[in-house]
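Participant: A structural model of the following input is requested.
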Amino acid sequence: MTALKPAAELAALVSQPYPNDSAEYREARTRLLAEEVELRRHIERVAEQRRALPPGGEAGPYQFKDENGQTVRLADLFGKHDTLITYFWMFGPQRERPCPMCTALLGPLDLTAVDLTQRVALAVIGRSPVERQLAFARERGWRHLKFYATVGDDFSRDYRGLAPNGDEWPAMDVWVKRDGVVRHFWGGEMGGTQDPGQDPRGAPDPVPLWNLLDLTPGGRGSDWYPKLSYPAQA
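Facilitator: Numbering: from 1, shown residues only. Reported below is the predicted structural model:
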């Protein structure tokens, strides 16, 4: 294994002042840069551990409705790939409109889907009929996501998209198919692990919105959430 240079050494090597930086700012920024290097390395270590997971549980005989009204199995959602990412979004029949937080994730994902599906399959799953999901997708201008409706609630309950009291939760999962057998590879389990003053979040967070806000002085804030629409800006 190649020995890595200490993060502080790398940071000191590449740290360069911007115009009119104070010495205090550059010193603090260099210390932060070392922490960012360590964070990047930790993210990669976690990704390596994730890739090394043993086989997960075999998936049940779940069924879904596709955009053509056809009944399909989970195995069918893979297409030509052996890996599938699913996102269960909070847009059940009891909701007038879908969850704004789910929408904030799916918007950027629609653009990324063109590249992502070169390597893996991608499916968005909801409890509302596909026609209802597609109507909202057209409203938002989404063009690349594939939507499916659950047939019954077994999938939603088993994979943590539906609480016992009927509340919906977002759920991202990764599946693999080997020799025709579909197994669960990974699912987000960070809900309930948040620290005081935080909302539930992934690590890393899959929503670009939050990652970009984390770069700003105000951060994510504690009293703002994305909405489905905003007043027109001058």
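
Participant: so for the longest helix along the chain, what gets flagged as buried?
Facilitator: Using DSSP state H, we find that the single longest helix of the chain is helix 23-51. When burial is assessed from 16 or more other CB atoms under 10 Å, helix 23-51 yields the following buried residues: 29, 30, 33, 34, 37. For the C-beta atoms, the positions are set from N, CA and C on the backbone; glycine is no exception.

Participant: ok, then the element right after that helix?
Facilitator: The helix or strand immediately downstream of helix 23-51 is strand 63-65, counting by DSSP states H and E.

Participant: and the very next helix or strand once past that next one, which residues are buried?
Facilitator: Where DSSP H and E defines the elements, the next helix or strand beyond strand 63-65 is strand 71-73. For strand 71-73, burial by neighbour count (16+ other CB under 10 Å) applies to residue 72.

Participant: what helices and strands are in contact with strand 71-73?
Facilitator: Strand 71-73 is packed against strand 63-65, with contacts defined by 3 or more CB pairs under 8 Å, 6 or more residues apart in numbering; DSSP states H and E.

Participant: elements contacting the strand it packs on?
Facilitator: For strand 63-65, the packing partners by 3+ CB pairs under 8 Å, 6+ apart are strand 71-73, strand 147-150.

Participant: which one of these lies closest to residue 46?
Facilitator: Distance to residue 46, taken as CB to CB, is lowest for strand 147-150 among the helices and strands packed on strand 63-65, at 29.2 Å.

Participant: residue 125: which element?
Facilitator: Residue 125 belongs to strand 121-126, assigned by DSSP H and E.

Participant: quick one: buried residues of the following helix or strand past that strand?
Facilitator: Once the chain leaves strand 121-126, the next helix or strand it forms, by DSSP H and E, is helix 130-140. Using 16+ other CB under 10 Å as the test for burial, helix 130-140 gives 130, 132, 133, 136, 137.

Participant: ditto for stretch 200-209
Facilitator: For stretch 200-209, a neighbour-count test (16+ other CB under 10 Å) marks 201, 206, 207 as buried.

Participant: any chance of JSON lines for the residues you listed, columns distance to residue 59 and secondary structure?
Facilitator: Below are the buried residues of stretch 200-209 laid out as JSON lines (distance: CB to CB, whole Å; DSSP: H, G, I helix; E, B strand; the rest coil):
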{"residue": "201", "distance to residue 59": "26", "secondary structure": "coil"}
{"residue": "206", "distance to residue 59": "22", "secondary structure": "coil"}
{"residue": "207", "distance to residue 59": "26", "secondary structure": "coil"}
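
Participant: would you mind checking which of those residues is nearest to residue 223?
Facilitator: Lowest distance from residue 223 to these (CB to CB) belongs to residue 201, with 16.3 Å.

Participant: does that closest one touch residue 211 like I think?
Facilitator: No: here residue 201 does not reach residue 211: they are 10.2 Å apart, not a contact under CB atoms under 8 Å.

Participant: can you tell me the closest non-neighbouring residue to residue 152?
Facilitator: Counting by CB to CB, 6 or more residues apart in numbering, residue 63 is the residue found nearest to residue 152 once chain neighbours are left out, at 7.6 Å.

Participant: identify all contacting residues around stretch 199-217.
Facilitator: Stretch 199-217 is contacted from outside by 43, 46, 101, 104-105, 108, 172, 188, 190-194, 219-221, 226, using CB atoms under 8 Å, 6 or more residues apart in numbering.

Participant: give me phi/psi at residue 155?
Facilitator: phi -60, psi -50 (degrees, to the nearest 10).

Participant: sweet, I'm off.
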